[in-house]
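Novice: Predicted model, plus sequence, below.
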Amino acid sequence: MISKEKEELLKFYNQGLAAFKQRKWDDAINLFEMALKVVPGDGPSELYLERSREFRVSPPPEDWDGVTTMTTK
């Protein structure tokens with residue numbers, strides 16, 4: 001059984017991920033912030049929040065497929 005907190009986290013995270021993939025950076029930022037209010041320190045939400053903020057300032061190319069390639073170890 002999943003806790004209410006996890007259920008709420010997943011709702012905001014999944015909505016944020018959908019917004020991220022649609023390049024709706026402000027929506028994604030808001031949704032990941034909401035997820036982090038429910039479960040502070042959630043790693044995936046923190047990661048996508050950071051990427052959304054970066055892409056809002058410097059968007060990926062138009063042919064971007066949603067994949068982020070790591071360039072450093």
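Specialist: In hand now; what should we look at?

Novice: Apart from its neighbours in sequence, what residue is nearest L10?
Specialist: Counting by CB to CB, 6 or more residues apart in numbering, L10 lies nearest to I2, which is 7.8 Å off, once chain neighbours are set aside. Any C-beta I mention is one placed from the backbone N, CA and C, and that applies to glycine too.

Novice: Tell me how far that neighbour lies from R51.
Specialist: Using CB to CB, to the nearest Å, I2 is found at 26 Å from R51.

Novice: residues in contact with the residue positioned nearest the centre of the chain?
Specialist: Centroid-nearest residue in the chain: Y48, 3.3 Å away (criterion: CA atoms, centre = their mean). Residues in contact with Y48 (CB atoms under 8 Å, 6 or more residues apart in numbering) are 13, 16-17, 20, 28, 32.

Novice: so where does M34 fall, helix or strand?
Specialist: Using DSSP states H and E, M34 maps to helix 25-38.

Novice: Identify each buried residue in whichever helix or strand comes after that helix, please.
Specialist: Past helix 25-38, further along toward the C-terminus, the next helix or strand under DSSP H and E is helix 43-57. Within helix 43-57, the residues scored as buried using 16 or more other CB atoms under 10 Å are 45, 48-49, 51-52, 55.

Novice: Distance from helix 43-57 to the middle of the chain?
Specialist: Distance, stretch centre to chain centre, for helix 43-57: 6 Å (CA atoms, centre = their mean, to the nearest Å).

Novice: how far off helix 25-38 does it point, in degrees?
Specialist: Taking axes from the mean of the first three to the mean of the last three CA atoms, to 10 degrees, one finds helix 43-57 and helix 25-38 inclined to each other by 150 degrees.

Novice: what sits up against the lengthiest helix in the chain?
Specialist: Criterion DSSP state H: the longest helix present in the chain is helix 4-21. By CB under 8 Å, 6+ apart, the surrounding residues in contact with helix 4-21 are 2, 25, 27-28, 30-32, 34-35, 38-39, 42, 44-45, 48-49, 51-52, 66.
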